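[1] need coordinates for the below:
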Amino acid sequence: MAEGASRGREQVRTPRRRRVDAARRAGLLDSIEEIFLAEGFTTVTVGELTERLHCSRATLYSVAPTKEQMVVLATKRFFGMSAEIIEERVAQHDGARTRILTYLDGVAEAMRRNSQAFYDDMVAFAPTAAIYARNTARAAERVRELIEEGIEAGEFRATDGNFAAQLVALAIEGVQSGVLLERTGMSAGDAFSELGTLLLNGLLAGR
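    Have a look, this model is predicted:
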């Protein structure tokens, strides 16, 4: 009877312990992401992370078994959470024009969270460069979808909309590859912001 009671108590405690552990890992990953976004990840060591996060190496490695995997997780989290926030904002608006501007402004805002150090590290490290490429490709596809919504609603002419969608795809590809940034001297965040303004307002003075 005592043994059964003991097992029962263990079964009650275990789920609670796992929930706390999961929350702790999520908090650590959030802090790791902020450090990487602000400073890049190449020069930040595991030892420095444990000191700044006030945790042991064992606790830190509960997030991911290697620093490289922490970098990948943090990068995926950054893009995933940013996408959710942007889509929530887009859903609050009607009209393709406003939705497109909201989307591209959201991407610009998210990319401005990246320090130059993080951006340079991200595009130089193959796993994170691949994550960035997938997300920029999705951004181009999402703008195309929003343009198609505008065509269907009669806000845009089909010929103009299709041409604009192709231009956006090429521009975003230029941002992702770095070619457009190198030629303009812009950051990725500024480039996405300018893309939205240029796409829907053109080169009108005082837009």
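[2] tell me the centre residue of the protein?
    residue 79 (1.8 Å; Cα atoms, centre = their mean).
[3] need the contact list for that residue.
    Residues in contact with residue 79 (Cβ atoms under 8 Å, 6 or more residues apart in numbering) are 131-132, 135. Using the backbone N, CA and C atoms, a C-beta is placed for each residue, glycine as well.
[4] so which of the residues you listed wins on neighbours?
    residue 132 (21 neighbours; other Cβ atoms under 10 Å).
[5] grab the nearest non-local neighbour of that residue.
    residue 122 (5.7 Å; Cβ to Cβ, 6 or more residues apart in numbering).
[6] can you list the neighbours in contact with the host helix or strand of the one you found?
    Assigned by DSSP states H and E, residue 122 falls within helix 116-124. Identification of contacts with helix 116-124 by Cβ under 8 Å, 6+ apart yields 36-43, 75, 114, 128-129, 131-132, 178, 187-188.
[7] for that helix, list the C-alpha coordinates in CSV.
    Only the C-alpha atoms of helix 116-124 are listed here, as CSV (Å, rounded to 0.1, in the frame of the first residue of the first chain):
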residue,chain,number,x,y,z
GLN,A,116,25.2,43.7,-38.2
ALA,A,117,27.3,41.1,-36.3
PHE,A,118,24.4,38.7,-36.2
TYR,A,119,23.5,39.3,-39.9
ASP,A,120,27.1,38.7,-40.9
ASP,A,121,27.3,35.5,-38.8
MET,A,122,24.0,34.3,-40.1
VAL,A,123,24.8,34.6,-43.8
ALA,A,124,28.3,33.1,-43.3
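[8] oh, and call the first residue 708 from now on, that's how I've got it
    Sure thing, new numbering starts at 708, so read that last one as helix 823-831.
[9] pull out the buried positions in that helix.
    By neighbour count with 16 or more other Cβ atoms under 10 Å, helix 823-831 contains the buried residues 824-826, 828-830.
[10] re the thing from before, ok, the residue nearest to residue 839 to residue 781 distance?
    Distance of residue 829 to residue 781, given as Cβ to Cβ, to the nearest Å: 10 Å.
[11] any idea how far residue 786 lies from residue 883?
    From residue 786 to residue 883 the distance is 12 Å (Cβ to Cβ).
[12] continuing past the helix or strand bottoming out on mean pLDDT in the chain, what's the next helix or strand?
    Lowest on mean pLDDT, DSSP states H and E among the helices and strands of the chain sits helix 709-746, with a mean of 68. Next in sequence after helix 709-746, counting helices and strands by DSSP H and E, comes helix 753-760.
[13] I'm done for today, thanks for sticking with me.
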